Structures are given as structure tokens and as C-alpha cells.
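Chemist: The sequence isn't on hand, but the structure is:
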């Protein structure tokens, strides 16, 4: 199955500011939401907004770079017992792996949309992924960046195969980059 990680983390491709070539900017706000189906329906949850740095210019996306983190211990579903379990060594193991990280190796524009290819690390597993994203310039020069993608949690040792919980998680990330 192709990992078309478009999460968690982060991951991940929400860094698309309109800065001059070579100028570094930061994620100043945002959200990270996810959905995963399970035997009783769909579990919705959040992580804190991604944090990190980016170099981006819409006129030369090939020169962009992104390095962003999502705090794994910020996992919330509204169920304290489930949230505690998800932070344990069976799932995210936040004590040992506090962040989900995405670091780009290439950014390009294809068919009017951007794609960031890079290394996504969840727990102690790192895989090369391509995250699609959109970037819209705001009046103040910042960018509103968004991405929706899927992650197979088993590829990153987040839990084990379980008939009660689906393997694929859908992530929706939004960020303001300044």
C-alpha cells in the first residue's frame, strides 16, 4: 500500500509562507485533526498545531524547505482513558518519542497544487512520503496552508492489527505561516 501520507504529524506540509527566497518563517497557528474508523463508528481527535520552520516562495517552490513537529502527547479524543492508552508504548509511546516530525527533501508544484516530499518520523520509524498541500497568501503576507492526507498507522508501529480499529487514519492539517 502506497503511503500517501498527506498526518499527523505532519505533518506535516503546512509550511508555505510567501517570504523572500531564503528567508525562514515559522508556523504561528493552526490545527491538526484526524479521523479513524472503528467498530462503533468514527473516532475524531486532535493534536496541537504543528510547529516549525519553513523557507518558501510561491514563485520558486523548488527552493522550499520544511521542518515541522507535532507534539505526540497533545493527542486528544475527548476520552481520557483512550487518550492515555494512545500515549502509551502500545501506540505513540510519547515518553520515548515526544514528537512527530516531517522534514522535506523536495517541494514542487504539480497541476496547480503543491507537494512536499520528505521524511516522516512517527515513533522510531521514518519513511519517505509525499504530502499534497495548498497555500493561499493572506493580505498580511502570511500563508494559510492546508493538507488532507492518509496515514497507515501500522506502518509506524502505532498499535497493532485489530479488527476493532481501521489501519488508515485521515489527517486534516491547517496552519498559518509567517
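Modeler: Cool, the structure landed. Small disclaimer: the values here were computed from a predicted structure and weren't measured. Residues are numbered from 1 along each chain as shown.
Chemist: For the protein, which segments are assigned as helices?
Modeler: Using DSSP state H, the helices of the chain run over residues 80-86.
Chemist: Straight-line length of stretch 52-65, end to end?
Modeler: Distance across stretch 52-65, first residue to last, is 11 Å (Cα to Cα, to the nearest Å).
Chemist: Point out where this protein drops to low pLDDT.
Modeler: For the chain, applying pLDDT under 70 flags the ranges 1-24.
Chemist: list the contacts for the residue lying closest to residue 176 once chain neighbours are set aside?
Modeler: Nearest non-adjacent residue to residue 176, counting by Cβ to Cβ, 6 or more residues apart in numbering: residue 29, 4.7 Å away. The C-beta positions use only the backbone N, C-alpha and C, and glycine is treated the same way. When contacts are counted by Cβ atoms under 8 Å, 6 or more residues apart in numbering, residue 29 touches 49, 175-176.
Chemist: any chance of those residues in JSON lines, with distance to residue 107 and neighbour count too?
Modeler: As requested, these are exported to JSON lines (distance: Cβ to Cβ, whole Å; neighbours: other Cβ atoms under 10 Å):
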{"residue": "49", "distance to residue 107": "20", "neighbour count": "20"}
{"residue": "175", "distance to residue 107": "15", "neighbour count": "32"}
{"residue": "176", "distance to residue 107": "18", "neighbour count": "18"}
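Chemist: Sort out which of these are in strands and list them.
Modeler: The strands, defined by DSSP state E, take in 175-176 from the contacts of residue 29.
Chemist: Mind picking the one among the contacts of residue 29 that's closest to residue 159?
Modeler: residue 49 (24.0 Å; Cβ to Cβ).
Chemist: Am I right that that closest one is in contact with residue 33?
Modeler: No: contact criterion Cβ atoms under 8 Å: residue 49 and residue 33 do not qualify, at 10.6 Å.
Chemist: since we're on residue 161, how many residues are nearby?
Modeler: Using other Cβ atoms under 10 Å, residue 161 has 7 other residues around it.
Chemist: How much space separates it from residue 152?
Modeler: Plainly put, residue 161 is 11 Å away from residue 152 if you go by Cβ to Cβ, to the nearest Å.
Chemist: Identify the contacts common to those two.
Modeler: By Cβ under 8 Å, 6+ apart, the residues touching both residue 161 and residue 152 are residue 167.
Chemist: end to end, how far does stretch 90-110 reach?
Modeler: Start-to-end, stretch 90-110 (Cα to Cα) is 38 Å.
Chemist: What are the buried residues along it?
Modeler: Within stretch 90-110, the residues that qualify as buried are 91-94, 97, 99-104, 107, counting by 16 or more other Cβ atoms under 10 Å.
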